[in-house]
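In: Any chance you could fold what I've pasted below:
(one chain, ligands or ions: 1)
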Amino acid sequence: MKNRIALALAAALFSAVPALAADAPAPAAAPSPAAAAPPVDPRVAASRAVVQEMGEQLKGELIGALEAGGPAKAIPVCQQKAQVIAGEISQKKGWKVARVSLKPRNPANTPDAWEKQVLEQFDARVAGGDGADSMEATSETVQDGKKVFRYMKAIRTAVKPCLACHGESIAPEIDAALKELYPADQARGYKAGMVRGAFSVTQPLP
Ligand code: HEC
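Out: Numbering: from 1, shown residues only. All right, here's what the predicted structure looks like:
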């Protein structure tokens, strides 16, 4: 028992100071990622920035609502704010910015054919053991006769608070609030680390 605690402590200390970890890969073995990375496509960079802005706004609303009244009270906030935030950012940029899921809670978040295909690829990667935090996909295509650039970034149920409203066992008062607002809710039964959905950005191209 004591040993296990000591090991855990050592692991924590060494991971905080990676240079001291005995089995860390020799730094000279691999070129530094910063030096090797190709320049980022500006359309991807712009998509990432928009997704980050939307994610931060959603997180801010969610944390505020959870702190103010717990998950049951936070549900109406998610319902009212999520679509408004997506709409405001879309309008500001003149792009389409949304969240989509293979098992949407809000039917407005149902994926189209490309989004569905990408979400299935993200799921397959996680099933194959991919622990990546930021799985992404892009596509250049034509929509309604106009050239567009599309970008998606996976949203994972990485943190426990997500499971209060999207997990396998949902508390009765949360369950009741969800059933009232979302009679067709599919967004349940998730475990930590699964792909809950994705941000999806569509930029018109010149
Ligand atoms: C307080 C309950 C609650 C918590 C906690 C919560 N969600 Fe949700 N989630 C909702 C509601 C309600 C919606 C539907 C929003 C709407 O109407 O657009 C939703 C929708 C979503 C969607 C859009 C797709 C869909 O199903 O309609 C994603 C993606 C999502 N949540 C991910 C997460 C993640 C990741 C976390 C943890 C960081 C999380 N949620 C935590 C209640 C919650």
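In: Which helix or which strand is home to I85?
Out: helix 42-93 (DSSP states H and E).
In: looking only at pLDDT, what's the mean for the helix or strand just after that helix?
Out: Sequence order places strand 96-100 as the next helix or strand after helix 42-93, per DSSP H and E. For strand 96-100, the mean pLDDT works out to 97.
In: quick one: the helix or strand just after strand 96-100 to strand 96-100, angle?
Out: On the C-terminal side of strand 96-100, the closest following helix or strand by DSSP H and E is helix 113-127. Put simply, helix 113-127 runs at 50 degrees to strand 96-100, going by axes from the mean of the first three to the mean of the last three C-alpha atoms, to 10 degrees.
In: Now do the buried residues in helix 113-127.
Out: Within helix 113-127, the residues that qualify as buried are W114, E115, V118, L119, F122, V126, counting by 16 or more other C-beta atoms under 10 Å. Using the backbone N, CA and C atoms, a C-beta is placed for each residue, glycine as well.
In: And stretch 93-113, by the same measure?
Out: 93, 95-106, 109, 111.
In: do the same with stretch 75-94
Out: I75, V77, C78, Q79, K81, A82, I85, A86, I89, S90, K93.
In: is stretch 44-57 anywhere near the ligand?
Out: No: contact of stretch 44-57 with the ligand (C-beta under 6 Å from any ligand atom) is absent, the minimum separation being 9.2 Å.
In: So what touches that stretch?
Out: 85-86, 89, 93, 95, 97, 136, 138, 149, 151, 153, 155, 199, 201, 203 (C-beta atoms under 8 Å, 6 or more residues apart in numbering).
In: right, and the pair among those with maximum separation?
Out: I85 and T138 (22.7 Å; C-beta to C-beta).
In: which residues does the one residue sitting closest to the centre of the chain bridge with?
Out: Closest to where the C-alpha atoms of the chain average out (C-alpha atoms, centre = their mean) is I155, at 1.6 Å. Under DSSP bridges, the beta-bridge partners of I155 are G197.
In: From the ligand, how far out is it?
Out: Per C-beta to the nearest ligand atom, to the nearest Å, I155 is found 4 Å from the ligand.
In: The ligand contacts on this protein?
Out: So the chain meets the ligand at 62, 71, 74-75, 78-79, 82-83, 99, 101, 104-106, 109, 155, 157, 159, 161-162, 164-166, 187, 196-197 (C-beta under 6 Å from any ligand atom).
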